[in-house]
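**Q** quick one: sequence and predicted model below, then my questions.
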Amino acid sequence: MISLSDVIKLLVAVFGGATFVCWAVYFSLFLHSLNSRSSLPEEYLNRLYFMLIVFSNILLFLIGYGFELLDGSFVFSIIKYLSLSLLFFLVPLGLRFSKGFRYSYEVGILMVYFIISVFAFFSFLRDLLSLTDRIVSVILIMLVIAFVFEVLHFYRTRTKEFFPYEIYIFLPSITIFEFLKYVLTDNLGVSLSFLVDLSVLGYLLILSIVSVVYVIVVSLNNYRTYERSIAYLNERIRDEEKLYRWFVVLLVSLIEARDPYTRSHSERVARYSYNLAKLVYRNTYMPNFIELSAFLHDIGKLGVRDEVLFYPGRLSSEYYEEMKKHPVIGKELLDSVSLFRDLSNIAYMHHERIDGLGYPRGLRGREIPVYVRISSIADSFDAMNSSRIYRGRLDMSEIFRELRDGANKQFDGDLVKIFMKNINLIA
């Protein structure tokens with residue numbers, strides 16, 4: 001027949017296992033938070049820490065209570081386990097928050113807890129080490145002093161911070177109840193022990209429920225605030241994007257004032273680049289970025305002389321060398337305005353080639369960003385698909401032949417395949 005003692009031992013073992021699971025989760029989160037590449041928000045981690053500490057200390061309380069029921073000695077069972085939990089939780093927690101404490105004595109409180117937990121650890125071995133009850137008295141006095149300071153500190157700062165001040169009160173306050181139980185039982189009899197136990201359990205239950213509900217409510221409120229903030233930011237981004245596009249159109253209009261062909265050419269290259277980018281990238285940011293950048297890819301022609309820009313035929317070697325300067329001029333123009341600095345790469349590199357024979361830098365292969373390779377295909381396609389002073393428009397079969405011949409030489413071969421396969425969607 002299973003005795004009550006066996007049931008209690010089984011429950012203590014189960015609670016002990018659950019407690020160590022909480023500790024393991026806590027330390028894994030703590031180590032994860034030390035990683036500079038951690039993607040978890042610090043506020044989210046803090047709330048997880050708090051909930052883990054609440055639940056683990058409930059389990060620790062039940063473990064200590066189980067030992068008390070087993071051997072009839074309750075004097076230090078709860079104090080020992082809760083003090084050890086301070087060693088497990090508040091020391092690494094203190095390392096995490098020591099740089100953010102508002103008041104210097106908060107670090108002192110953590111040091112007091114650390115000393116308490118060391119004393120508590122040695123109190124486990126007091127029979128072996130023949131330690132006296134003076135250690136017990138020291139621990140209790142330190143707990144009472146720390147508890148008083150924590151209560152005052154909590155009510156001074158409760159409207160400013162949620163975490164970790166509740167923990168500072170939660171852990172020692174349970175120990176204070178156990179201290180009262182110890183004193184009342186020794187002086188007024190064992191009958192009051194049950195009443196104090198009910199008080200402890202009721203306090204523990206209420207505090208844990210209130211704490212967890214508070215965390216949930218705060219999280220929900222923050223989530224609603226986050227949603228409103230995201231909606232506001234999205235609206236701001238849309239407005240700024242409209243303004244940004246207006247500036248881009250304004251810049252291209254300056255080019256049109258000199259060369260009407262360049263305006264319509266830039267619009268088409270931007271559209272082709274955007275459509276091809278949508279097939280290459282899975283996000284929406286890059287296609288929009290490439291579209292705006294491609295719109296300005298020929299802005300450097302503002303710095304090219306009219307006799308070169310409007311030369312009626314194929315350019316002479318001298319004029320061609322001058323025309324080759326327009327990517328550098330375009331980059332300088334865009335880099336001079338911080339608003340457009342990110343858009344300068346396509347203007348600067350759209351005449352680079354995969355085989356390294358392009359200009360202005362002779363970049364090769366992967367040295368040329370993918371989005372520049374996209375705009376290069378769009379630029380060349382529109383040039384071949386448009387009538388020029390010195391030649392007529394090429395038909396689609398001739399354009400495709402030129403693209404195939406230029407694959408892995410002038411153009412990215414994989415992008416050429418995607419472009420030709422989806423020409424109806426792109427152009």
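**A** On my side now, so go ahead. Computed from a predicted model, the values in this text were never measured in an experiment. Numbering: from 1, shown residues only.
**Q** so what's residue 372 up against?
**A** 345, 346, 349, 350, 352 (C-beta atoms under 8 Å, 6 or more residues apart in numbering). The C-beta positions use only the backbone N, C-alpha and C, and glycine is treated the same way.
**Q** secondary structure class for residue 353?
**A** Secondary structure state of residue 353, per DSSP: H, G, I helix; E, B strand; the rest coil, is coil.
**Q** show me the shaky parts of the protein.
**A** Along the chain, segments meeting pLDDT under 70 span 1-216, 218-219, 222-223, 226, 237, 239-248, 250-263, 339, 389-390.
**Q** which parts of it belong to which domain?
**A** Domains of the chain are assigned by automatic domain parsing as 4-228, 259-426.
**Q** what does the helix or strand encompassing residue 278 contact?
**A** Assigned by DSSP states H and E, residue 278 belongs to helix 260-280. For helix 260-280, contacts defined as C-beta under 8 Å, 6+ apart pick out 252-253, 255-256, 286-288, 290-298, 301, 370-371, 374-375, 377-379, 381-383, 386, 415, 418-419, 422, 425-427.
**Q** narrow these to those in helices?
**A** Secondary structure defined by DSSP state H assigns 252-253, 255-256, 286-288, 290-295, 370-371, 374-375, 377-379, 381-383, 415, 418-419, 425-426 of the contacts of helix 260-280 to helices.
**Q** give me the ChimeraX select line for these, limited to the buried ones.
**A** Here is the ChimeraX command that selects the buried residues among these (16 or more other C-beta atoms under 10 Å):
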select :252,255,286,287,288,290,291,292,293,294,295,371,374,375,377,378,379,381,382,415,418,419,426
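**Q** leaving out chain neighbours, which residue sits closest to residue 387?
**A** Take residue 387 and drop its neighbours on the chain: the residue closest to it by C-beta to C-beta, 6 or more residues apart in numbering is residue 393, 4.7 Å away.
**Q** the one you found - how many residues pack around it?
**A** 11 (other C-beta atoms under 10 Å).
**Q** over to residue 331?
**A** Residue 331: 21 neighbours (other C-beta under 10 Å).
**Q** just give the closest residue to it, not the sequence neighbours.
**A** Nearest to residue 331 is residue 348, by C-beta to C-beta, 6+ apart, at 3.9 Å.
**Q** how many neighbours does the one you found have?
**A** Residue 348, neighbours per other C-beta under 10 Å, totals 23.
**Q** in which helix or strand does it reside?
**A** helix 344-349.
**Q** next up, the contacts around residue 355.
**A** Each residue near residue 355 by C-beta under 8 Å, 6+ apart is listed here: 364, 408, 409, 410.
**Q** hmm, 7 Å instead?
**A** 364, 409 (C-beta atoms under 7 Å, 6 or more residues apart in numbering).
**Q** now residue 354
**A** 364, 365, 408, 409, 410, 411, 412.
**Q** gap between the nearest residue to the third one once chain neighbours are set aside and residue 378?
**A** Take residue 408 and drop its neighbours on the chain: the residue closest to it by C-beta to C-beta, 6+ apart is residue 354, 6.0 Å away. Counting by C-beta to C-beta, to the nearest Å, the gap from residue 354 to residue 378 is 15 Å.
**Q** can you pick the most crowded of the contacts of residue 354?
**A** The residue in the contacts of residue 354 with the most neighbours, by other C-beta under 10 Å, is residue 411 (24 neighbours).
**Q** kindly state the beta-bridge partners for it.
**A** Using DSSP bridges, the bridge partners assigned to residue 411 are residue 407.
**Q** now it: how far from residue 225?
**A** In this view, residue 411 and residue 225 are 49 Å apart by C-beta to C-beta.
**Q** same check on residue 275?
**A** Computed as C-beta to C-beta, the residue 275 to residue 225 distance reads 38 Å.
**Q** more neighbours: which of the two?
**A** Just comparing residue 275 and residue 225: by other C-beta under 10 Å the higher neighbour count belongs to residue 275, 20 against 10.
**Q** so how far is residue 403 from the more buried one?
**A** Distance of residue 275 to residue 403, computed by C-beta to C-beta: 16 Å.
**Q** now the terminal residues of stretch 291-307, how far apart.
**A** Using C-alpha to C-alpha, to the nearest Å, the end-to-end distance of stretch 291-307 comes to 30 Å.
**Q** quick one: buried residues of that stretch?
**A** In stretch 291-307, counting by 16+ other C-beta under 10 Å, buried: 291-302, 304.
**Q** and those residues as JSON lines, adding distance to residue 310?
**A** Output for these, formatted as JSON lines (distance: C-beta to C-beta, whole Å):
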{"residue": "291", "distance to residue 310": "28"}
{"residue": "292", "distance to residue 310": "27"}
{"residue": "293", "distance to residue 310": "26"}
{"residue": "294", "distance to residue 310": "23"}
{"residue": "295", "distance to residue 310": "22"}
{"residue": "296", "distance to residue 310": "21"}
{"residue": "297", "distance to residue 310": "19"}
{"residue": "298", "distance to residue 310": "14"}
{"residue": "299", "distance to residue 310": "17"}
{"residue": "300", "distance to residue 310": "16"}
{"residue": "301", "distance to residue 310": "11"}
{"residue": "302", "distance to residue 310": "14"}
{"residue": "304", "distance to residue 310": "10"}
